[in-house]
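Student: build the 3D model from these lines:
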Amino acid sequence: MTEARNKPRGELAELSAQLQNLCTAGKRTEKELRNAKKDVFKKVINYMTLGMDMSGLFPMMTSCANLSSEDLVLKKMLYLYLTHYASQTPDLALLTINQLQKDCADHDPMIRGLALRSLCSLRVANFLEYVGLEASAGCVGSVVC
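Tutor: Coordinates of the predicted model:
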């Protein structure tokens, strides 16, 4: 009974537990893991669009997404989340720069464009030097510039 009292309740706690479970995924196939991540990411984006504060999930969202493969839908949802909450958590947003830079150099033009758009949409003052470097590099490699 005391465990039930100490267990946090609510949507944020539930999503946090689900993301933690996904980050330490045990014996799941890649497809099952990808589908589970999509479901959790959809819930987070849904609550985010309803106006609920999901910024507490920022570290778990980024670490869980870094484990995923080259899934465009997951990347779109993650980048939507990042651009929405980067201004609220600028120190944690620095963790995403490396992934965005890697995606700006991807062979797929959809991923390159999505990463470049997301990098340019981050509303944090420290990112100006990264955006300038990636914007010039991204336009050289892409067809539509």
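Student: any regions of this structure where pLDDT drops low?
Tutor: 1-9, 25-26, 66-70, 126-145 (pLDDT under 70).
Student: ranges for the helices of it?
Tutor: Secondary structure of the chain, counting by DSSP state H: helices at 2-6, 11-23, 30-49, 58-66, 72-85, 90-93, 97-104, 109-121, 128-141.
Student: now the angle from the longest one to helix 58-66?
Tutor: Between helix 30-49 and helix 58-66, the angle comes out at 150 degrees (axes from the mean of the first three to the mean of the last three Cα atoms, to 10 degrees).
Student: which positions within helix 30-49 qualify as buried?
Tutor: Going by neighbour count (16 or more other Cβ atoms under 10 Å), the buried part of helix 30-49 is Leu33, Arg34, Ala36, Lys37, Val40, Phe41, Lys43, Val44, Ile45, Tyr47, Met48. The C-beta positions use only the backbone N, C-alpha and C, and glycine is treated the same way.
Student: nearest residue to the fifth one other than its sequence neighbours?
Tutor: Take Val40 and drop its neighbours on the chain: the residue closest to it by Cβ to Cβ, 6 or more residues apart in numbering is Gln18, 4.9 Å away.
Student: hmm, that neighbour is touching Lys38, no?
Tutor: No. Judged on Cβ atoms under 8 Å, Gln18 makes no contact with Lys38 at a distance of 12.0 Å.
Student: good, wrapping up.
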